[in-house]
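A.B. asks: compute the structure for the input listed below.
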Amino acid sequence: MADYIPLSAIDTVQSETPSARVTAVRPRRPDWLKARAPMGANYRDVLHLVREQQLHTVCEEARCPNIGECWNHRTATFLLLGDICTRGCRYCAIGKGKPQPIDENEPERIAEAIAHLRLKHAVLTSVNRDDQPDGGAHIFARSIERIREVVPDCGIEVLIPDFDGNWDALQMVLDARPDVLNHNIETVPRLFRRFRPRARFEQSLELLARARCFDPRLVTKSGLMAGAGETNEEILEALDRLRESDVNVLTIGQYLAPTSDYWPTHRYVTPDEFAMFKAEGLKRGFTHVESSPLVRSSYRAHEHVAQM
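C.D. replies: You can find the predicted model right below:
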């Protein structure tokens, strides 16, 4: 198994003595974690429309390193239900606090934006809205329905929250018939409650299993991040649990703390290790695995359906 770069081996230790204070020195990111600056005509077109239509994308809010590549391929991940999340997950850069009222006209603007951009595959995700009885599920459902009417040839993937275990809310989304239903577990069971304080690992697995039972033809998908303090063995065990819920598609990428205020990055996982995760995922029966340092949930999402 390939070596990794442990941050603890490089950081200096802080000293609180009156005479000196040594601050931690983070290592430079390895070359495999460097992404190109976003540019290109398609990128600028998507950026202009997002601003004009007052839409949110997780590409920007979560500081995705692949924004340039994805937007130039005319794929984008729209962030529904505003840009303020009601939860305090310790890994996520999206704003947290008391959100604004839900914009009931958002599905119309999303569909118009997708039509203008001529997207081949659209991903819809959202912040958590625990202030809403259905967690905002009706906005997901209406967005899917409106996209089907306006851009019938566009593939639709939804990356949904857990709706706090409200299975009626999940059913509302499933009844709208997305092409792909994605729900990320994000990390391994041992770290789960500290990483995602208001979520439960078993509840996330149940959500994915319920989606599979609803329609065996539906593509189900999940993902997690490596380098947050787990072991490789724990990642492989998490893959086994996902396959028990008959998840089709898997994404694994490097966890990078947005700032020092978030859950720390414990190590830089090497490309060889990500290649091993992919091989082990395919061996376990996933039909498609995206596993590399810069992979995020929606990376090359349009390819996942085409290969099913």
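A.B. asks: for the rest of this, base every contact and every neighbour count on C-alpha atoms.
C.D. replies: Fine.
A.B. asks: surely R296 is in a helix?
C.D. replies: No. Looking at R296 with DSSP: H, G, I helix; E, B strand; the rest coil, it is coil, so not inside a helix.
A.B. asks: just the helices from the stretch 51-200 of the chain, written as ranges.
C.D. replies: 58-61, 67-72, 106-117, 137-150, 167-175, 189-195 (DSSP state H, counting those that start in this stretch).
A.B. asks: mean neighbour count, mean pLDDT and distance to D261 for those helices - can I get that in TSV?
C.D. replies: Output for the helices of the stretch 51-200 of the chain, formatted as TSV (neighbours: other C-alpha atoms under 10 Å; pLDDT from 0 to 100; distance: least, C-alpha to C-alpha, whole Å):
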stretch	mean neighbour count	mean pLDDT	distance to D261
helix 58-61	18	53	16
helix 67-72	22	60	23
helix 106-117	19	90	32
helix 137-150	20	98	30
helix 167-175	18	98	32
helix 189-195	16	95	13
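A.B. asks: do you know the pLDDT at T259?
C.D. replies: In this model, T259 is scored at 88, pLDDT.
A.B. asks: does it count as helix, strand or coil?
C.D. replies: Secondary structure, three-state DSSP: T259 is coil.
A.B. asks: please work out how many residues are found near it.
C.D. replies: Neighbourhood size, T259 [other C-alpha atoms under 10 Å]: 12.
A.B. asks: next one: it relative to L79, how far apart?
C.D. replies: 21 Å (C-alpha to C-alpha, to the nearest Å).
A.B. asks: cool, and R190?
C.D. replies: 29 Å.
A.B. asks: just the helices in the stretch 201-308 of the chain please.
C.D. replies: So, for the stretch 201-308 of the chain - with DSSP H, counting those that start in this stretch - the helices run 201-214, 232-244, 271-284, 301-306.
A.B. asks: relative to L124, which of these is closest?
C.D. replies: Smallest distance to L124 across those (C-alpha to C-alpha): 11.4 Å, for helix 301-306.
A.B. asks: any stretches of the chain with poor pLDDT?
C.D. replies: The chain contains residues with pLDDT under 70 at 1-27, 32-43, 45-51, 53-76, 299-308.
A.B. asks: quick one, longest strand in it?
C.D. replies: In the chain, taking DSSP state E as the definition, the longest strand is strand 219-226.
A.B. asks: how far does it sit from its chain's centre?
C.D. replies: Here strand 219-226 is found 8 Å from its chain centre; the criterion is C-alpha atoms, centre = their mean, to the nearest Å.
A.B. asks: show me what contacts E106?
C.D. replies: Contacts for E106 (C-alpha atoms under 8 Å, 6 or more residues apart in numbering) come out as 80, 139, 143.
A.B. asks: show the contacting residues for L236.
C.D. replies: 277, 280.
A.B. asks: what does the one 5 residues further on give?
C.D. replies: Residues touching R241, when contacts are defined by C-alpha under 8 Å, 6+ apart, comprise L205.
A.B. asks: burial check on the closest residue to L250 other than its chain neighbours, number of neighbours?
C.D. replies: Counting by C-alpha to C-alpha, 6 or more residues apart in numbering, L250 lies nearest to V289, which is 4.8 Å off, once chain neighbours are set aside. V289: 22 surrounding residues under other C-alpha under 10 Å.
A.B. asks: going forward can the numbers begin at 35, since that is how I track them
C.D. replies: Sure, I'll start counting at 35 from here, so that last one is V323.
A.B. asks: thought V323 was touching V281?
C.D. replies: No. The criterion here is C-alpha atoms under 8 Å, and V323 misses it with V281 at 11.0 Å.
A.B. asks: quick revisit: the helices of the stretch 85-234 of the chain: which one's closest to R163?
C.D. replies: helix 171-184 (9.3 Å).
A.B. asks: name the surrounding residues that touch that closest one.
C.D. replies: 114-115, 138, 140-142, 144-146, 148-149, 158, 188, 190, 192, 197, 203-204, 206-212.
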